[in-house]
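Asker: Okay, sequence plus prediction incoming.
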Amino acid sequence: MKYKVFIGIDVSKLTIDAHLHGIGASKTFSNEEKGFALFLSWVKKYSKQSEPAEMIICFEHTGMYSIKLATYLNDIEIPFAMLPALQIKQSIGIRRGKNDQIDAQRIAEYAWLHRETIQETLLPAKSILKLQSLLTLRNRLVCDRGGYEATWKERKKALEGKEHKEIFQVYKSLIMNLTVQVKKIEEQIKAVIESDEAVKLNYQLLTSIKCVGPVLAANMIAYTHNFTRFATWRKFACYVGTAPFEHQSGTSIKGKTRVSSLSNKQLKKLIHMVAICACAYNPEMKSYYKRRVSEGKNKMSTLNVIRNKIISRMFAVVNRGSGYVDLMKYAA
């Protein structure tokens, strides 16, 4: 067994609650560098005979609240596992009541129970972390702009006359300002991509594929940690929610094969839009879609096949290290 000390941490906005499995010790620290240093001193007091490489610190991925702790541990090379909250929640069985100390204890128990299979989390490069933050902000701004545009159009139909001119001007100003901010964010995204040669190369390879634009390419690089996070495109398809799964049990349940709702829906949405675009403007995908539909196949099922084709092509060009080749040009 690689690890000897198992520590569970419940991460909150201002504090972290730690629990050492087996010893039963628990303590609360501030969610900042000073608190992290005190936490490690406290751990060393109870595990003097263990090396840092022999301990594993397990905590839930809570976005911006847990990334500070993850970055701190990564910088000083202490093993940690930052796991999805749902993964831990579904593994601990029936529970009643909740508080931070008990949650930390349950996370520590999870780490110990899965000691043979638990995998250390490796943070991506700082350029990837920055890219993730910029893409999240861009998505938020684009969604806000879309909301204002929809409301503005509806109000223009319902409210006519000069007395409502000021309202329309406010909406127009908000939309224009958000458009400017989106363009600034996109320039920063481009600068981050240009600053890293490995990221830049994969970005160029991805955008060589028909209908794959800069937004999907940047998101693919961010979520796959520049194509180091997933071993195969099929594992990524499972993560993004395009991999089909069986739904049957015994003789009574014989459901259709279908995709899972447990997925990265933002990335799935982008890939779906690219699939629709490919059906309209990529001759190969267009003919494939029409042929499948004419055979009586479900339209959404066909679109999902095209989504997986696009995913496999993105992984193929990156693994091969050369741009996409359109074989339709060479067809007789």
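Answerer: Received, thanks. Because the structure is a prediction, the values reported are computed rather than measured.
Asker: which secondary structure element contains the closest residue to Gly241 other than its chain neighbours?
Answerer: Closest residue to Gly241 apart from its sequence neighbours, by CB to CB, 6 or more residues apart in numbering: Ser263 at 2.5 Å. Backbone N, C-alpha and C define where each C-beta goes, glycine included. Following DSSP states H and E, there is no helix or strand that holds Ser263.
Asker: so Ser263 makes contact with Val240?
Answerer: Yes - Ser263 is within contact range of Val240, at 5.6 Å (criterion: CB atoms under 8 Å).
Asker: who's more crowded, those two?
Answerer: Using other CB atoms under 10 Å as the criterion, Ser263 and Val240 rank with Val240 on top: 27 against 16.
Asker: thinking that one is in contact with Ile271, fair?
Answerer: Yes - using CB under 8 Å, Val240 is in contact with Ile271, at 6.5 Å.
Asker: which residues does Lys68 contact?
Answerer: Lys68 makes contacts with Asn31, Glu32, Glu33, Phe36, as judged by CB atoms under 8 Å, 6 or more residues apart in numbering.
Asker: Check Lys190 too.
Answerer: Pro214.
Asker: how about the helices in the stretch 51-200 of the chain?
Answerer: Applying DSSP state H, counting those that start in this stretch to the stretch 51-200 of the chain gives helices spanning 64-75, 85-89, 100-113, 126-158, 165-195, 197-206.
Asker: Could you dump those helices into TSV with distance to Val5 and mean pLDDT added?
Answerer: What follows is the helices of the stretch 51-200 of the chain, written out as TSV (distance: least, CB to CB, whole Å; pLDDT from 0 to 100):
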stretch	distance to Val5	mean pLDDT
helix 64-75	14	93
helix 85-89	19	89
helix 100-113	10	93
helix 126-158	27	92
helix 165-195	37	94
helix 197-206	35	96
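Asker: For these, state which one has the densest average packing.
Answerer: Looking across the helices of the stretch 51-200 of the chain with neighbours counted as mean count of other CB atoms under 10 Å, the highest average goes to helix 100-113: a mean of 21.
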